[in-house]
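Q: Return a 3D structure for these sequence lines:
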Amino acid sequence: MTADVGAQINHRRGRFWLPHLIALVIMAFCFVFGALTFESLPDTVATHWGPSGRPDAWAPKSFGSVFSPLMMGAGLCVLLSMVTALVPKMVQVDDDASLWERYRREGTIRGTVAVLGGTCALIAAIIGFLSVAGWTTPDHVPWWPAAVVTALFLVVIPVSYAAAARWARRTASAQGIHPTAAEEQEEKLWIAGVLYNDPNDPHLLVAKRAGTGVGLTVNVGNTRGRVAVAVFLGLFVVLPVILGVVAAL
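A: Model (predicted):
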């Protein structure tokens with residue numbers, strides 16, 4: 001691949017870093033708000049809240065007791081940003097790969113960057129909300145917004161990869177680049193480019209698609225795979241949302 005082709009494919013990749021910028025803005029706002037609120041906080045501040053949203057642990061007011069959650073959230077966001085910066089190195093393209101494959105891999109890179117950025121922004125939103133609520137309404141911190149934002153984590157993944165896959169196909173097509181018959185057939189087996197869907201494959205777990213990391217993924221093309229996904233969503237999305245809403249009532 002020539003440098004010109006590589007630059008063309010990588011063009012405007014930076015805009016997929018927008019969620020990281022949003023996370024930075026959220027964290028900065030919360031730190032500034034906390035600094036302006038610090039003096040007005042009581043000498044003893046709540047540091048933990050139970051399922052009902054009522055405080056059940058307290059500590060003397062200090063930088064650590066007031067800002068520890070934000071510091072941890074900021075640390076997570078920095079870590080995710082560092083991982084995001086390494087994504088292009090993790091998704092390598094073979095030297096003999098077709099131009100279509102190169103655009104597809106670039107779509108995977110952009111989708112992964114968007115997923116990590118969206119996760120970073122949601123972490124900042126959750127921790128920022130809980131921190132500000134803990135300072136302004138310490139007697140009762142509602143959990144349902146955090147539960148809803150938590151559920152959005154799993155929405156970010158398919159939406160980001162689907163948008164990136166559409167970008168790859170649309171951009172390649174605009175350059176007159178189209179997949180071969182074999183590449184098109186392989187493309188049909190992956191929803192949003194990352195979720196395996198082959199009714200003719202009886203396996204529950206299959207190897208991840210080339211360029212999307214190592215390990216295994218679920219085949220949602222058969223009944224066992226769909227049940228596994230349903231159970232996962234029920235336990236880690238639906239149940240937390242229900243518990244959060246119930247606890248807030």
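
Q: who's sitting farthest from the centroid in the chain?
A: Distance from the C-alpha centroid of the chain peaks at residue 43, with 37.0 Å (CA atoms, centre = their mean).

Q: ok, and the closest non-adjacent residue to that one?
A: Nearest residue to residue 43, sequence neighbours excluded (CB to CB, 6 or more residues apart in numbering): residue 61, at 5.4 Å. Bear in mind the C-beta positions are built from the backbone N, C-alpha and C, glycine included.

Q: Would you mind measuring from the most centrally placed residue in the chain to residue 156?
A: Of all residues in the chain, the one closest to the mean position by CA atoms, centre = their mean is residue 119, 3.0 Å from it. Going from residue 119 to residue 156 by CB to CB, to the nearest Å gives 6 Å.

Q: cool, and residue 183?
A: 27 Å.

Q: These two: who's more crowded?
A: The residue with more neighbours, out of residue 183 and residue 156, is residue 156; 18 against 14, by other CB atoms under 10 Å.

Q: List the residues that contact that one.
A: Residues counted as contacts of residue 156 (CB atoms under 8 Å, 6 or more residues apart in numbering) are 114-115, 118-119, 122.

Q: now do 7 Å
A: 115, 118-119, 122 (CB atoms under 7 Å, 6 or more residues apart in numbering).

Q: Flag the shaky bits of this structure, pLDDT-wise.
A: Scanning the chain for pLDDT under 70 picks out 1-12, 91-95, 211-214, 237-238, 240-249.

Q: Next secondary structure element downstream of the longest helix along the chain?
A: Ordering each helix of the chain by length in residues (DSSP state H) puts helix 99-136 first. Sequence order places helix 144-174 as the next helix or strand after helix 99-136, per DSSP states H and E.

Q: Tell me which residues of that next one come out buried.
A: By 16 or more other CB atoms under 10 Å, the buried positions in helix 144-174 come out as 144-147, 149-153, 156-157, 159-165, 167-169, 171-172.

Q: by contact count, what packs against the longest helix of the chain?
A: helix 3-10, helix 18-37, helix 63-90, helix 144-174 (3 or more CB pairs under 7 Å, 6 or more residues apart in numbering; DSSP states H and E).

Q: Touching, the residue nearest to the centre of the chain and residue 153? I think so.
A: Yes - Residue 119 is in contact with residue 153 according to CB atoms under 7 Å; the separation is 6.4 Å.

Q: Next, find the distance separating the residue nearest to residue 44 when sequence neighbours are not counted from residue 222.
A: In space, and not counting its chain neighbours, residue 44 is closest to residue 58: 5.1 Å by CB to CB, 6+ apart. Residue 58 sits 52 Å away from residue 222, taking CB to CB as the criterion.
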